[in-house]
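K.L.:
sequence first, then the predicted structure, then my questions.
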Amino acid sequence: MSARIDEVSSILRQQLESYEIKVDVDHVGTVIEVADGVAQVYGLRGAMAGELLQFSTGVYGMAFNLEKDTVGVVILGPFADIKSGDEIRSTGRIVEVPVGDAMLGRVVNSLGQPIDGEGPIETDATRPIEIKAPGVMYREQVNSPLQTGWKALDSMTPIGRGQRELIIGDRQTGKTSLVLDTIINQRDSGVVCVYVAIGQKASTIASVVDTLKRHGAFEHTVVVSATASQPAPQLYIAPYSGCAIGEYFMYEQNRDVLVVYDDLTKHSWAYREMSLLMRRPPGREAYPGDIFYIHSRLLERSAKLNRELMGGGSLTALPIVETHGGDISAYIPTNLISITDGQIFLEADLFYAGIRPAVDVGRSVSRVGSAAQVPAMKRVAGRLRLDLSQYRELEAFAQFGSDLDKATQARLTRGERITEVLKQREREAMTIEDQVLSIYLGVTGQLDAVPVEEIEACVAGFVEHMHTDHGEIVERIAETGALEDDQANALDDIFEDYAKKRNGKDRDRKIS
């Protein structure tokens, strides 16, 4: 009997020694009031700034204002069913989004949840939507081109991998078309693209997705959608979510990434709405004082990483901002111009005059410059900006005078033809070698004798002729990225013969 008692006591002793007290602590608060997509919550003393919170209805929110007794929460979803007295819990996590290869070819909302009807996204990896930007020691100089396929951009305002280039202009001047063609042009380059639609109509976003699918560019793209019908908080976090999705490929896979923010004007409006609802002090144009900071901490995350320390990936940002009446001195445009590494200004007058893309040469600049160009493009585009600027100035002056000296007439002739060479339709991206061939004809004066209305056909015919009969020169430019003197001399001779044959065909056509 005593042996059995000893056995039982031994078992109890072992169980007591191995017993662990497990306490699950939930930080729970109570909704005091809710209206217009924001809520005041009492009881979440340990909440972190930007923490993900969950209401009893299952909808998520983000801690936005941390006050003495209450927490101001912006609601990231439908808020009609949330009412005063409801319970809200901390999750212990900063707002995060799912990331990974499974995101490619999908349309997601601001929280990374699929909204394309294609089923769940199979990934376990997540990233917080906001992280500290890499420091100077972890970056490299931006020196690799990100080809847009647009002659006017790749020649005069080149974009480098890791750069932040602002696309700025009035409504309906081709800003979205420009970035969509840039995404399409990355099909075979290995660049991952993230398109963030902020405050647009659902039909517009559906059109963007359809365009990317039709041109074979959707497989390497993630579309983050925050439509105009959604609450302001979802519009606010959308660009940060898109950036986090892109950063996964940059940091974890050492890949080059392009992120488009379309557009940050509506993002600013959403942040202003949230801040005013939270009773933050309004400043200039009713924007809160930290409106500059919300964009700087987003765009500073773009970088070309140091290859030895960080693997060498890059994240290129193309933020879009809308102007009114071409006023780039407005509050938000000037903020973004000061944050970015240059801007591409699309002018409404040029757009309506049929010059597409409607790039204003005088106010468009890339601070990376020729460092992000192949040697062949550097050679042919060296004087392009100056020649075009002089032409635009002389063109305005020539309207008031009839007697022009020969030098002025020659500049007008050259500028008129260069303008025609740089014109380009949507969805007609050009390879860098074809761009070099086209621009070379314009800047060297080969087209000066060609009538303006025939420039497009002449250049297209010459490029086709080069591919058909002189493919070795085209291939050499494509492989080396350079245009040597012997190749330039050969181009002069080839175009001379081509022009003679073309003129002969035109003469025969007129006779017949």
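P.N.:
Arrived safely, thanks for sending.
K.L.:
can you list the weak-confidence ranges in the stretch 301-450 of the chain?
P.N.:
Scanning the stretch 301-450 of the chain for pLDDT under 70 picks out 399-402.
K.L.:
give me the contact list for the helix or strand Ile455 falls within.
P.N.:
Using DSSP states H and E, Ile455 falls within helix 455-469. With contacts defined as CB atoms under 8 Å, 6 or more residues apart in numbering, helix 455-469 is touched by 417, 420-421, 423, 434, 437-438, 441, 447, 450, 473-474, 494-495, 498-499, 502. C-beta coordinates here come from the backbone N, C-alpha and C atoms, glycine included.
K.L.:
how does it look with 6 Å?
P.N.:
417, 420-421, 434, 437-438, 447, 450, 474, 498 (CB atoms under 6 Å, 6 or more residues apart in numbering).
K.L.:
now do that helix: distance to the chain's middle.
P.N.:
The chain centroid and the centroid of helix 455-469 are separated by 32 Å, computed with CA atoms, centre = their mean, to the nearest Å.
K.L.:
would you mark the buried spots in it?
P.N.:
455, 458-459, 462-463, 465-466 (16 or more other CB atoms under 10 Å).
K.L.:
which of those sit farthest apart?
P.N.:
Across these, no pair lies farther apart than Ile455 and Met466, at 16.6 Å, counting by CB to CB.
K.L.:
what mean pLDDT does the helix or strand that Leu153 is a member of get?
P.N.:
Element membership for Leu153 (DSSP H and E) is helix 151-156. Helix 151-156 comes out with an average pLDDT of 96.
K.L.:
dump it to PDB, keeping only the CA atoms.
P.N.:
Extracted in PDB, the C-alpha atoms of helix 151-156 (Å, rounded to 0.1, in the frame of the first residue of the first chain):
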ATOM      1  CA  LYS A 151      11.900  58.200 -77.200                       C
ATOM      2  CA  ALA A 152      11.300  61.500 -75.600                       C
ATOM      3  CA  LEU A 153      11.900  60.100 -72.100                       C
ATOM      4  CA  ASP A 154      14.800  57.800 -72.600                       C
ATOM      5  CA  SER A 155      16.700  60.500 -74.600                       C
ATOM      6  CA  MET A 156      16.000  63.700 -72.600                       C
END
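K.L.:
roughly how far out does whatever helix or strand comes next after it sit from the chain middle?
P.N.:
The helix or strand immediately downstream of helix 151-156 is strand 166-169, counting by DSSP H and E. Strand 166-169 sits 11 Å away from the centroid of its parent chain (CA atoms, centre = their mean).
K.L.:
Arg161 - how many residues pack around it?
P.N.:
23 (other CB atoms under 10 Å).
K.L.:
wait, it touches Ala317, no?
P.N.:
No - applying CB atoms under 6 Å as the test, Arg161 and Ala317 come out as separate, 11.0 Å apart.
K.L.:
quick one on the thing from earlier: can you put the buried residues of helix 455-469 in a markdown table and add distance to Asp387?
P.N.:
Listed next are the buried residues of helix 455-469 as a markdown table, based on distance: CB to CB, whole Å:
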| residue | distance to Asp387 |
| --- | --- |
| Ile455 | 15 |
| Cys458 | 19 |
| Val459 | 17 |
| Phe462 | 20 |
| Val463 | 21 |
| His465 | 25 |
| Met466 | 23 |
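K.L.:
give me the element the residue nearest to Ala238 when sequence neighbours are not counted is part of.
P.N.:
In this structure, Ala238 finds its nearest non-sequential neighbour in Ala226, 3.8 Å apart by CB to CB, 6 or more residues apart in numbering. Here Ala226 sits within strand 221-227, counting by DSSP H and E.
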